[in-house]
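Engineer: Structure of the sequence below:
(chains A and B)
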Amino acid sequence: MTRRILSRLANPQLLALVGVLLINWLLFPNFFRITWQDGRLFGSLIDVLNRGAPVAILAIGMVGVIATKGVDLSVGAVMAMAGAVAATLVVAGYPAPVAVAAALAVGLACGLWNGFLVAVLDIQPIVATLVLMVAGRGIAQLITEGFIVTFTDPVLIFIGTGSFLGFPMAAVIALALLVLVTLLVRKTALGLFIEAVGVNRAAASLAGIRSRMLLLYVYGLSGVCAAIAGIIVAGDIRGADANNAGLWLELDAILAVVIGGTSLLGGRFSVPLAVLGALIIQAMNTGILVSGFPPEFNLIVKAALIFLVLIIQSPLASRIMPTRMPVRETSK
Amino acid sequence: MSRSLRPLVATAVIFAIAYALAVMQFPSMFSTRVLGNFLTDNAFLGITAVGMTFVIISGGIDLSVGAVIGFTGVLVAVLIAWAGWHPLAAFALSLAVAASFGAGMGLAVHYLQVPAFIVTLAGMFLARGGASVITQDSVPVNHEFYDWISDLIIRLPGGGRLSFIGLLMVAVFIVGALVAHRTRFGSYVYALGGNPVSASLMGVPVARTTIGVYMVSSTLAALAGIVFSLYTSAGYPLAAVGVELDAISAVVIGGTLLTGGYGFVLGTFIGVMLLGLVQTYIIFDGSLSSWWTKIVIGALLFLFIVLQRLIFAASAQGEKAS
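Structural biologist: Residues are numbered from 1 along each chain as shown, chains lettered A, B, ... in the order given. Next comes the predicted model:
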């Protein structure tokens, strides 16, 4: 039993996170110091959790999409739209729960639209979600009429910057989503169905899986997750910035999922590892910032990281080191 | 009329109708001045889109082109303004850098057997990060060679002017069309996009073609970066953010199939002009805000994707019936 737990802890993602944190600690000795102030925790580690939460939430939605051999490029634009809707509604005098519900509904609608294009019209996911990626930011600007809509609503601000039991609210929401979605895919047959569709959609359909509905579900979930992240980001800056909210975060989310070992060829996925991937990315971000390097290094480090993961995942590597990960043969 | 030309005709007809409607509203849009500016203002986008057409026909995608434009602009500006190089030498070096960059991405796509979008995504981070590490500010370029090139214009009757960069884009399109339809490399690219397995069984050098396609795309993106630097007389690491999306949209609107194996370089030209028309119309109208550009481009993209599906579903049924 202990052995099993030990071998679980020794997975490459966790080791990578520990490694990044240790490097941060070497560069910045106060990295692990956590203090209690004004009823909440403070420190670089807490900052990693807080700043990493939006990408982690996006990654939770993205995992399912990538596991079905798809990708959702529109999440950044959906974040901007959801933030714009929530901010505009509270400024217009609606109560915060209505604004949040409307923003989530917009996210769900966007996700279902993507799912409709992929599942019913049979368009490749990259292209189907590209439509909303291009148009979504324009729609967000249409909602805010080109301004940055600022608000003072306490509930929205609490979602973005508040704390629960000393932990930042954003991290708490991400954790709750993680537990919920993990239970949903691993304690029901849903996860198995998603993997089946990812490996071979035609075969899955013949085996009786309603692959159309399933694709609608996963894209819908991705849209809702993007909306949650959008509300958090808007609450964090106390305003909706249609131009910059969620800009390029779709790429971070995809990166987090890939670092988490989810195969881009579909059929193998892990929600907790994707969240771990998001934390690794954020730990690197924070590390580069606190150690005084210019933030531009971030992009180069991320690029290097992508190549590293790709090389490890590639069939080439499994031919050289045939032992560890069984690579599933996928029909092309 | 050949069935395979239908999407191209559809795009051309939609462009003609859209242009006619725009001219009916603003008669001054029908002038050599506006048409000349169409070419000049969209030169860098057009050159990028030619490379993107090749990548998409081969069944891939290249998300790094915008970042390569930004990187090339910075590299050229720094070499000229700080190191004192002659612009032509700086151009040559940046084209060579971009070609090897593209070759690297092609190698990764072929040998790691991973989706092209994730490899070129890493390339995008790398190029954008590299540009920002060189400088974070806009570097102005003041060189007599730049003044000389911007004076190279052909005046048209009616006040229009054909600039050097506009003509360069047209030349790139002509060469691109010839390469795609009249050379062995072009046929390899189509074969690869149609079905990589049969292509390799037929003896198409898959590795060489894949690497070549990404080299072409990156090199043309670098050429677009040079054009952008001539256009703005400066290099800025965050220049041309999101151009990859515009280029992909232009290619799709031009009738190229995103699953690969089918498409036209000439169609991409019409696609670029259609995007230019949307922007020009919004400027002419004056009351519409710039974000309508994005919404209209998104709507056009959707329209053409659905159109492609319908046309191909119809032709597939036709084949079954015969």
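Engineer: any idea which helix or strand carries A:W36?
Structural biologist: If you go by DSSP states H and E, A:W36 is part of strand A:35-37.
Engineer: Mind giving me the packing neighbours of that strand?
Structural biologist: Packing contacts for strand A:35-37, counted by 3 or more C-beta pairs under 8 Å, 6 or more residues apart in numbering or on different chains; DSSP states H and E, involve strand A:40-42. To be clear about C-beta, it is placed using only N, CA and C from the backbone, and glycine gets the same treatment.
Engineer: what about the next helix or strand after the strand it packs on, near chain B?
Structural biologist: Of the helices and strands lying after strand A:40-42 in sequence (DSSP H and E), the nearest is helix A:44-67. No - on the criterion C-beta under 8 Å from any C-beta of the partner chain, helix A:44-67 is out of touch with chain B, staying 10.2 Å away.
Engineer: ok, the strand holding A:W36: who's next to it in the sheet?
Structural biologist: Strand A:35-37 pairs in its sheet with strand A:40-42 (antiparallel), by DSSP bridges.
Engineer: Residues contacting the partner strand, please?
Structural biologist: Residues from elsewhere that reach strand A:40-42, judged by C-beta atoms under 8 Å, 6 or more residues apart in numbering or on different chains: A:I34, A:T35, A:W36, A:S163, A:G166, A:F167, A:P168.
Engineer: wait, the fifth one sits on A:Q37?
Structural biologist: No - under the criterion of C-beta atoms under 8 Å, A:G166 is not in contact with A:Q37, lying 9.8 Å apart.
Engineer: So which of the two has more stuff around it?
Structural biologist: Per other C-beta atoms under 10 Å in any protein chain shown, whichever of A:G166 and A:Q37 has more neighbours is A:G166, with 13 against 9.
Engineer: Name the nearest residue to B:F145, ignoring sequence neighbours.
Structural biologist: B:P87 (4.6 Å; C-beta to C-beta, 6 or more residues apart in numbering or on different chains).
Engineer: mind checking how far that neighbour is from A:T144?
Structural biologist: 42 Å (C-beta to C-beta, to the nearest Å).
Engineer: Secondary structure element holding the residue in the stretch 201-332 of chain A positioned nearest to chain B?
Structural biologist: Using C-beta to the nearest C-beta, the closest approach of the stretch 201-332 of chain A to chain B is made by A:L299 at 3.0 Å. Using DSSP H and E, A:L299 sits within helix A:297-313.
Engineer: list the buried ones in that helix?
Structural biologist: Neighbour counts over helix A:297-313 (16 or more other C-beta atoms under 10 Å in any protein chain shown) mark A:297-303, A:305-307, A:309-310, A:312-313 as buried.
Engineer: I'd like the residues you listed written out as CSV, with distance to B:G263 and pLDDT added.
Structural biologist: Output for the buried residues of helix A:297-313, formatted as CSV (distance: C-beta to C-beta, whole Å; pLDDT from 0 to 100):
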residue, distance to B:G263, pLDDT
A:F297, 38, 79
A:N298, 36, 79
A:L299, 31, 80
A:I300, 33, 83
A:V301, 36, 82
A:K302, 32, 80
A:A303, 29, 82
A:L305, 33, 80
A:I306, 28, 78
A:F307, 29, 80
A:V309, 31, 77
A:L310, 27, 77
A:I312, 34, 75
A:Q313, 30, 70
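Engineer: so what's residue 124 up against?
Structural biologist: The chain I'm using is chain A. By C-beta under 8 Å, 6+ apart, the residues touching A:Q124 are A:V118, B:L258, B:T259.
Engineer: hm, I was asking about chain B
Structural biologist: A:L251, B:L63, B:S64, B:G66, B:A67, B:E244.
Engineer: Distance to B:V109, secondary structure and neighbour count added to these, as TSV?
Structural biologist: Shown next, in TSV, are those (distance: C-beta to C-beta, whole Å; DSSP: H, G, I helix; E, B strand; the rest coil; neighbours: other C-beta atoms under 10 Å in any protein chain shown):
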residue	distance to B:V109	secondary structure	neighbour count
A:L251	18	helix	21
B:L63	12	coil	24
B:S64	12	coil	29
B:G66	18	helix	26
B:A67	17	helix	31
B:E244	16	helix	23
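Engineer: Around the residue of chain B found nearest chain A, how many other residues sit close by?
Structural biologist: With C-beta to the nearest C-beta, the shortest gap between chain B and chain A falls at B:G298, namely 2.4 Å. Look at B:G298: counted by other C-beta under 10 Å, it has 23 neighbours.
Engineer: secondary structure class for it?
Structural biologist: Counting by DSSP: H, G, I helix; E, B strand; the rest coil, the backbone at B:G298 sits in helix.
Engineer: That one: what's its closest spatial neighbour, skipping adjacent residues?
Structural biologist: Nearest-residue entry for B:G298: A:A135, 2.4 Å, with adjacent residues in sequence omitted and distances by C-beta to C-beta, 6+ apart.
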